[in-house]
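A.B. asks: no sequence for this one, just the structure:
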């Protein structure tokens with residue numbers, strides 16, 4: 001499937017609920033804020049509830065971790081979860097009939113808190129509405145569109161405009177210095193968004209400078225020369241694909257294969273030994289999908305891998321602070337780095 005710019009264009013639907021937010025101070029100099037513009041706040045033309053259904057209503061909901069006191073402009077890191085049940089009662093509908101949206105987007109709080117301690121503004125977005133809708137490449141278009149809409153909201157917030165009313169952020173968030181991380185099918189959406197082909201479709205004033213697909217679901221292309229490869233090919237933005245050696249769901253290798261030999265910036269294949277797919281998200285960790293359960297990491301061990309490598313990666317490519325583990329790994333984590341061509 002080839003999705004052009006027109007199909008990927010996004011529109012705001014009627015906001016049926018007033019914007020809401022809540023805030024908490026988690027100590028250690030980290031502030032936590034949640035916001036929502038409602039469960040029917042957004043639509044992506046061409047993305048439907050099902051093959052014969054109406055255009056899907058999507059939420060604009062996120063949890064934010066940031067340094068308690070912001071000085072100067074800080075890079076923003078956007079996190080997006082993957083394919084999981086949208087409703088706690090296992091219904092695959094959106095909005096959830098019982099109002100019990102499953103909080104996949106909160107499953108990276110441990111990582112977001114560590115990134116915030118190191119100076120980043122971190123926004124983890126909910127994509128339950130996408131999970132309840134169509135499958136295939138159009139879902140990647142929708143995930144990318146939701147991620148881009150949140151970046152647009154933050155660009156406007158930084159300028160003192162738009163619907164987000166979150167005190168303390170205006171003038172302190174650098175939307176020209178953004179990192180993105182997508183887990184599972186969220187990784188596929190993040191790569192689609194940042195690909196050479198689609199990077200120009202980002203909101204004006206927004207620039208993604210580093211991408212980390214975390215255990216990303218592989219995309220489909222019939223062969224290495226198929227046009228679908230271009231929708232997921234990143235050669236101009238540093239990225240690292242992190243997939244555990246015991247991941248029972250994905251391999252993640254297609255993104256490296258699609259870019260290596262064409263890349264003009266470093267790209268990294270990162271393999272945490274004995275890590276699985278689900279333990280990267282605390283809300284999914286009740287399901288151990290490990291393909292090698294006898295040697296599997298515990299959830300805590302796997303999250304320590306994430307909080308060691310991922311902040312180092314974003315500090316290197318968003319802050320210019322080199323760290324040898326990004327390109328060479330550390331005990332228990334191997335990294336193969338493909339240097340730029342030329």
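C.D. replies: Looks like it came in fine. Not measured: the values here are computed from a predicted model.
A.B. asks: can you give me the helices for the stretch 101-250 of the chain?
C.D. replies: For the stretch 101-250 of the chain, helices defined by DSSP state H, counting those that start in this stretch occupy the ranges 109-117, 128-131, 137-158, 185-194.
A.B. asks: For the second one, which outside residues touch it?
C.D. replies: In this structure, residues lying in contact with helix 128-131 by C-beta atoms under 8 Å, 6 or more residues apart in numbering are 39, 42, 47, 56-59, 83-87, 92, 94-96, 101-102, 104, 139, 142-143, 146. Where C-beta positions appear, they are placed from N, C-alpha and C, glycine not excepted.
A.B. asks: just how off-centre is that helix within its chain?
C.D. replies: 14 Å (C-alpha atoms, centre = their mean, to the nearest Å).
A.B. asks: Got phi/psi on residue 316?
C.D. replies: Phi and psi for residue 316, reported as degrees, to the nearest 10, are phi -70, psi -50.
A.B. asks: roughly how far apart are residue 115 and residue 308?
C.D. replies: As defined by C-beta to C-beta, to the nearest Å, residue 115 lies at a distance of 12 Å from residue 308.
A.B. asks: What of residue 279?
C.D. replies: With C-beta to C-beta as the criterion, residue 279 and residue 308 are 15 Å apart.
A.B. asks: Same check on residue 70?
C.D. replies: Residue 70 sits 25 Å away from residue 308, taking C-beta to C-beta as the criterion.
A.B. asks: same question, residue 327
C.D. replies: Taken as C-beta to C-beta, the span from residue 327 to residue 308 is 14 Å.
A.B. asks: In this structure residue 302 contacts residue 281, no?
C.D. replies: No. Counting by C-beta atoms under 8 Å, residue 302 sits too far from residue 281 to count as a contact (10.3 Å).
A.B. asks: still on that earlier bit, and residue 115 and residue 308? which has more neighbours close in?
C.D. replies: residue 115 (25 against 16; other C-beta atoms under 10 Å).
A.B. asks: what residues are up against the more buried one?
C.D. replies: With contacts defined as C-beta under 8 Å, 6+ apart, residue 115 is in contact with 65, 77, 122, 310-311, 314.
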